[in-house]
Each structure stands twice: as structure tokens, then as C-alpha cells.
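Peer 1: Turn this into a structure:
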Amino acid sequence: MDAATPENEQQRAAQRQQVNRSSFYMLLFLFSLLFFNFSDDSSVRTGKPAKSDLLDDLQQEKELLDNLTFGVNVTHALPNTTAPALEDLWSIQGSPTSHFYHNITGIFRGEWENYNLTVPDNFNKTELEQARNTFQFDGPGSFSLNMKSVITLDKDINYIEGYIRIKDAYKSDYGALLLAGGVHFLNSGSLYMMAVPEGFAIPLDDLLHMLPTNETLVAARNVIDEQIDKRIEELKRERYWDWQGVDESEDTASLPFTCNFKVFGQLHPVPSHVKMSELLEYERELQFPQGISTIDAPPLLLSTEMFSPNCHLLISSRKTDGIKIENYYNKAITYAGIASVIAVIQIFSLIHQMEYTPTPSSVSNVSYWTIAMQAIMDGYLCLLYLTTGVVIENVFIPFATAAFFTFVLVSIFGMRYLLVVWRIQRPESIRPSSPTPAADEAPDTENLIPVANVRRPNTTEESNPQRDITYLYYRLYAVLLLGLFLFYQSVTRSAFVQNVIVGTLAFLFYSFWVPQIVRNVFRGCRHPLSHRYILVMSITRLGIPLYFYGCPNNLIGHQSTPWVYALVAYVVLQVVILFLQDAFGPRFFVPSRYLPQTYNYHPILSVDDEEATEEPVGKSQQPKDCAICMLSIDTNNHGHSGLNVLSRTNYMITPCHHMFHTECLEKWMRIKLECPVCRAYLPAC
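Peer 2: The predicted structure is shown next:
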């Protein structure tokens, strides 16, 4: 005994050293992430302009705008072919008494189509093809505009900034991102913006030349000068700054296109019965909630015409649906609240399943991978909710709440249950298979009752709890990192690759009942999972894909697809198979020649078999009593033979030839795998 003690201490020390070494490598990796691409002065390292140079450029741009005259030195004039489209756009204004939204901070989503403009003969075709690049402008596509409205000193004009994302007809990727800036005339609902590819500077002189009159040009110039002054003051106050631009030495071929766009927008007037005072009161209540009653939200619609001088394109978008940013945040808060409720429901459902399997014998029938796949899904949701709350400050509390409940689900209950399943089932993977005695002819397990009992397997192998926990968590982290890598690859690839990756991951993650179905077949066990647990988890986990891929007005604006209902049908099929396994036996759909040999608790009893079950011969046709509930068991065979196959699920016969009700013995075996009569070992079912 004393000689074995130093060896055990050496083994424990080696295990602790291995855990500490792996923890050190993980800590070193995290520290290395902090120092990637770190530099005190990026302008010195990359050759980008210093802050003083940028301040000089802004001052020169302001002087250039101040010297600009209406209709003089217009570098990119609109061709005459765009006049009909613009006239149709401005006709949306309606009568002079029409009212329009003033604060249009929000998100607009719609579709665009291209007008086939004739390219002039003197136009440089080579430069045009290079500017258009590989983007498909021939057919329609999707269009989204995120705008922020900035109040200025001029009460009739707001400055607007944001970005536009357009996708081509084939949805080849996530589209092209355009940075936009311009002015919004509140009384007429007209918008004038310039949009350029990401990284390029907005040509403000071209923006002013878009205005229809000298009065509007002067008013817009004052607004733009005000914004330039604000930018100069911000740069002077900033200690560190990030230059947003494209270096001349950088290759722009990676951009979808390099087209600059003149964006003409027109808001649709609100319904005529809505007064301007009511509309302004509604906007104030959204921005600064006071709890007062306001009108119902009028529709926010925007029509645009986008003309590109260097690509000679005219893109039209009509009646683009918009949602104000406050309503969007309210929608996000509602989603986070529903996600929190779903997480709480899943927590109680998992607790119910843990109470449903309180003993090692019942836990041994639960599939490890069924619980693990759901834990991985919950881990991703927790990261997603937490990241969303950190990035968007306005929805931090609701999304942090959803992340908290999801974290409780996966870390406190999910991983705990997973660890219990892992530790109980781990001896199965390391126990050597015992040789089966040779037999001249394999018995018919469907109709015959074995005459020999099965020897109780030895499951007393010692395990290290700390090592098990470390191994379990490291494997979970590895799967999470692999999934994040695949997600990153999906968002940077074409639509085909995205659909393949997302579809494959969805198929794998939503196959979480398949491992349980397979384990039921191999072990021949019934009712390993509570029916309530199966239904609740299936319904709640289908909520997220149904919302983002089935609802056309979802948060991220993802286009709905009918393929999501195939995913629903796939999960429903798994649930149906689980229920049928509980009703007709776990192997009802698998041919017997493909099945591993296990003990059959539901054999079809012949007359000789009935006489062999501890009843006198004269009473072979009389009902037998269950030793658990003390009620009679009817084993008489009536009617068609096919009905006998179904009726045999009403009773169970142990290897020691004792008969019980199926419901009674299954409840007993969840507690202990011993015969209630003779205490002999019972194979798991």
C-alpha cells in the first residue's frame, strides 16, 4: 500500500503538469491576439497621411466649396436620357400641402433595376469595363440603405450620412458597399447624395452641382461647411485617429466595382389625414419616449434614382420600405425578449429531462452527442447575443439578458448533464469486448426466451473527474472555434459557397436527434428521453431558422427561402421516429440481419413459452400477475398475427423468465437494473 502511494502522486503531478502546460499555451495564444497589427503610429509604418495633412485637405475642400458657383464648371453633368426618370421621381412629391418625415434615421430595403442607357461613342469603353468590374448590372437586385439624419443650424435642411449596399441579380456575394453623404430638404422630402465605394472620399463639389437651383446650392453649402467644421474640430481633439481611405498604391481590383453614384431620393408623403404636428409629435416620442399616446406609424417609403457618371448607369428603386431606427431597436428588443423566454423554457425542459433520468442506468440510454450538439448550438447563440449587445449599445441590456439565460442553459445545466452522460458512458468506449461463446446455431431472439442470465458487466474503472472536465471543455472549445472558422469562410465567399456551408451546418446541427435514434437501435432501449423534452426542444430550436429564413421582415433583412420548411420537416421526421421507437420498439424500421444482437424483452410467446413462465400448466391460459403493480398481465394471442406483434409490447420478460408490465418494468429499470423478483442483473433496454 505504501509503495503504491508515490506512484499515484507521480501520476497526479504529471496530470497537473499537463493541464498547466495546456493552460499556458491557451494563455499565450490569447496574449498574441492582443499584439496582432498593433502599432503606435500607423501613418509612419504604412505611409498614410498624418493628421495635419488631413486637416489641410479639409480646409482646402471647404475653400473650394465656398468658391463654387451654380452651373459653372460642372464636371459630371447628367445626360438627357435621365430626365424622364427624374421627372417621374419628383412627381412623387404630390401637392404643396403634402407632409414628409423629418427624421429619416433608419433602414430602407427594397429592389433595384437598371435602365439600359446608351453609352456615347466618345465614352472610353475600357475604363467603363474596369469600373464596372465583375458586378452584374444587367438584371435586378436587392438594395439597402442605412441612413443617419443629423440636425443642422438650418431648420429646413438635415445632413444625412450612411451607406448603401447593393447586390447584383445573381446575389453573387454580400454585394457592394457604398459610403453615402448628402442633404435632406425637409419640406419637400427630397434627398441629394453622393455614394462612392468604401475607402474613397465623397466628392462634395459634385454633390452641390446636383442641386436644382442656386438657392438650394447655397443652403446646402452652408450645411456642408458646418459638417466640415465639426470634422476639423473632432480631428483636433482626437489623440489617435484612423485614416479611412484607399492608398494610391493599393489595388482596387478586389472591390466589386469603382462606380461613383449621384443619388436622387424622394420620400413618399404620409397619408393626407396625418397632420404635420402629429407627425412631429410621433417622431419626438420615438426619439425621447415620454409615454404619451401618438398616432400609428405612417408608412415610410423612399424612391431613388442612382446615376453613375464613370460607369454610365442609371439604377432605379421604387417604394423602398423603411423602418425608423427607434422602431428597429424596439423590434430587436422584442426579439431578445422572446429569445430570453425561449432560453428559460429550454432550461426548465432540460431540468425535467435530468429529473427524468436520475440514475446511471437511465442516463446510460441517453446519447452523448444529442446533448453535445445542442450545447454547441447554445454556445454559438450566447456568443451571438453577447456580441450584438456589445456592438449595439441601445440593445445591450435585452441582448445581454438573452446571452445570460443562454449561458446558464449551456454552462450550468447543459455541460453538467453532458458531463454526467460522459462519465457514465465513458467505460463503454474503453471496456474490452468480451468474447461471446460459440454456438452451433444462433437462437431466434424474436420468439425464444434466453435460458441463461447475462453476467453483470464490470464498470468500476476509476476515472479522474478533473481530467474528464478538462477534456470535455477543450473538445467543446475546439468545435466552437472550428464553427467560427467555417462561419468566417461563409461570409467571405460567394453565395453558392455560403449556401453550401450554411446548409451543411444547419443539416448537421439540426440532426441532434439522430444520435439518439442510432443509440436506441444499438442498445435496444425505449423511452430514453422524455416526450415533453423532445417536443419542447424541437419546437424552440426551430424558432430561430424559421424567423430568419421564413419571415420576410426579419431583423437582418435576410431573404426568406422555402428551404427552411425542409429543415422543419427533417426535424419533425426525427421526432416521429423517436416516438415510433417508443411505441413499436427501437428497431422496428431496421431489418434484423443488420442489427447487433441484444436481449429482446418483448418476445412473441408460444404455448410452450407461456407454460415456462412459472405458472402451472393448467393455468397457462389465465392472466399472470406483475410482481411490481400486482395486477394481471394478459398474454393471450387473439386475432391476426400482426396484432400479436403489437400486443407483445404490453409485457416484458426478463432473462430470468419473470414477466412484468412494460410500463412497470421500464420505470423500475430507470432506477436499478435488477430483477424485482430475484435481483438478477438486467441488460439495459
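Peer 1: who are the neighbours in contact with L409?
Peer 2: By Cβ atoms under 8 Å, 6 or more residues apart in numbering, L409 lies in contact with A343, Q346, I347, L350, D378. Yep, even glycine has a C-beta here, placed from its N, CA and C like the rest.
Peer 1: how about 6 Å then?
Peer 2: Applying Cβ atoms under 6 Å, 6 or more residues apart in numbering to L409 gives the contacts A343, Q346, I347, D378.
Peer 1: For the first one, the count of nearby residues, please.
Peer 2: Right, the one you point to is A343. A343 has 24 neighbours, counted by other Cβ atoms under 10 Å.
Peer 1: gap between it and T370?
Peer 2: With distances taken as Cβ to Cβ, to the nearest Å, A343 is found 19 Å from T370.
Peer 1: now the last one
Peer 2: Using Cβ to Cβ, we find D378 at a distance of 13 Å from T370.
Peer 1: Leaving out chain neighbours, which residue sits closest to I228?
Peer 2: Spatially, and ignoring its direct neighbours in sequence, I228 is nearest to K62 (4.9 Å; Cβ to Cβ, 6 or more residues apart in numbering).
Peer 1: From L179, how far off is that neighbour?
Peer 2: Counting by Cβ to Cβ, the separation of K62 from L179 is 19 Å.
Peer 1: Okay, helices next: where are they in the stretch 301-450 of the chain?
Peer 2: For the stretch 301-450 of the chain, the helices defined by DSSP state H, counting those that start in this stretch occupy 325-356, 360-363, 368-391, 396-407, 415-430.
Peer 1: could you dump the ones you listed to TSV with mean pLDDT and distance to M659?
Peer 2: Output for the helices of the stretch 301-450 of the chain, formatted as TSV (pLDDT from 0 to 100; distance: least, Cβ to Cβ, whole Å):
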stretch	mean pLDDT	distance to M659
helix 325-356	95	26
helix 360-363	83	20
helix 368-391	92	32
helix 396-407	96	47
helix 415-430	81	29
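Peer 1: For V72, which of these is the nearest?
Peer 2: helix 325-356 (38.5 Å; Cβ to Cβ).
Peer 1: Compute the inter-axis angle for the closest one and helix 396-407.
Peer 2: Counting by axes from the mean of the first three to the mean of the last three Cα atoms, to 10 degrees, helix 325-356 lies at 20 degrees to helix 396-407.
Peer 1: What helices and strands are in contact with helix 325-356?
Peer 2: Under the contact criterion of 3 or more Cβ pairs under 6 Å, 6 or more residues apart in numbering; DSSP states H and E, helix 325-356 touches helix 396-407, helix 531-550.
Peer 1: Could you rerun that using 8 Å?
Peer 2: Here helix 325-356 is seen to pack against strand 106-115, helix 276-287, helix 368-391, helix 396-407, helix 415-430, helix 531-550 when contacts are counted using 3 or more Cβ pairs under 8 Å, 6 or more residues apart in numbering; DSSP states H and E.
Peer 1: For S308, find the nearest of those.
Peer 2: Between S308 and these, the shortest gap by Cβ to Cβ is with strand 106-115, which sits at 10.4 Å.
Peer 1: Quick check: E161 is in a strand.
Peer 2: Yes - assessed with DSSP: H, G, I helix; E, B strand; the rest coil, E161 lies in a strand.
Peer 1: Surely it and V150 touch.
Peer 2: Yes - in this structure, E161 is within contact of V150 by Cβ atoms under 8 Å, at 6.9 Å.
Peer 1: show me what contacts G379?
Peer 2: V410, L476, L480.
Peer 1: hmm, 7 Å instead?
Peer 2: V410, L480 (Cβ atoms under 7 Å, 6 or more residues apart in numbering).
Peer 1: Against A372, how distant is it?
Peer 2: G379 sits 10 Å away from A372, going by Cβ to Cβ.
Peer 1: swap in P120?
Peer 2: For P120, the distance to A372 - Cβ to Cβ - is 64 Å.
Peer 1: element containing the residue nearest to I228?
Peer 2: Using DSSP states H and E, the element containing K62 is helix 51-66.
Peer 1: Report the inter-axis angle for the helix or strand that that helix is followed by versus strand 106-115.
Peer 2: Counting by DSSP H and E, the next helix or strand C-terminal to helix 51-66 is helix 83-90. With the same axes, to 10 degrees applied, the angle from helix 83-90 to strand 106-115 works out at 150 degrees.
Peer 1: List the buried residues of helix 83-90.
Peer 2: For helix 83-90, the neighbour count (16 or more other Cβ atoms under 10 Å) marks A85, L86, L89 as buried.
Peer 1: now stretch 300-312
Peer 2: Under the neighbour-count criterion of 16+ other Cβ under 10 Å, stretch 300-312 has 300-312 buried.
Peer 1: hang on, R519 packs against S367?
Peer 2: Yes - using Cβ atoms under 7 Å, R519 is in contact with S367, at 4.4 Å.
Peer 1: Let me know the distance separating L300 from R679.
Peer 2: 75 Å.
Peer 1: Looks like F123 contacts H312 (just checking).
Peer 2: Yes - contact between F123 and H312 holds when scored by Cβ under 7 Å: they sit 6.3 Å apart.
Peer 1: and P120 and A372? which has more neighbours close in?
Peer 2: With neighbours defined as other Cβ under 10 Å, P120 and A372 compare such that A372 has more, 21 against 9.
Peer 1: The more buried one touches L418, doesn't it?
Peer 2: Yes - at 5.9 Å, A372 and L418 qualify as touching, with contact defined as Cβ under 7 Å.
Peer 1: which of the residues in stretch 387-404 are buried?
Peer 2: For stretch 387-404, burial by neighbour count (16+ other Cβ under 10 Å) applies to T388, G389, V395, F396, P398, F399, A400, T401, A402, A403.
Peer 1: Closest one of those to Y547?
Peer 2: Distance to Y547 across those (Cβ to Cβ) is lowest for A402, with 13.5 Å.
Peer 1: Can you give me every residue that contacts the closest one?
Peer 2: Applying Cβ under 7 Å, 6+ apart to A402 gives the contacts A336, A339, S340, A343, Y385.
Peer 1: Would you mind checking the average pLDDT for the helix or strand hosting V564?
Peer 2: Secondary-structure assignment from DSSP H and E places V564 in helix 563-584. The average pLDDT within helix 563-584 is 93.
Peer 1: Can I get that helix as PDB, trimmed to CA atoms?
Peer 2: Taking C-alpha atoms only, helix 563-584 is exported to PDB below (Å, rounded to 0.1, in the frame of the first residue of the first chain):
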ATOM      1  CA  TRP A 563     -35.900  25.500 -47.900                       C
ATOM      2  CA  VAL A 564     -36.300  26.300 -44.300                       C
ATOM      3  CA  TYR A 565     -39.500  24.200 -44.300                       C
ATOM      4  CA  ALA A 566     -37.500  21.300 -45.500                       C
ATOM      5  CA  LEU A 567     -35.400  21.700 -42.300                       C
ATOM      6  CA  VAL A 568     -38.600  21.700 -40.300                       C
ATOM      7  CA  ALA A 569     -39.800  18.500 -42.000                       C
ATOM      8  CA  TYR A 570     -36.400  17.000 -41.300                       C
ATOM      9  CA  VAL A 571     -36.600  17.700 -37.500                       C
ATOM     10  CA  VAL A 572     -40.300  16.500 -37.400                       C
ATOM     11  CA  LEU A 573     -39.200  13.300 -39.100                       C
ATOM     12  CA  GLN A 574     -36.600  12.700 -36.300                       C
ATOM     13  CA  VAL A 575     -39.300  13.400 -33.600                       C
ATOM     14  CA  VAL A 576     -41.700  11.000 -35.300                       C
ATOM     15  CA  ILE A 577     -39.100   8.200 -35.400                       C
ATOM     16  CA  LEU A 578     -38.300   8.700 -31.700                       C
ATOM     17  CA  PHE A 579     -42.000   8.400 -30.800                       C
ATOM     18  CA  LEU A 580     -42.400   5.400 -33.000                       C
ATOM     19  CA  GLN A 581     -39.400   3.800 -31.400                       C
ATOM     20  CA  ASP A 582     -41.100   4.200 -28.000                       C
ATOM     21  CA  ALA A 583     -44.400   2.800 -29.300                       C
ATOM     22  CA  PHE A 584     -43.300  -0.100 -31.500                       C
END
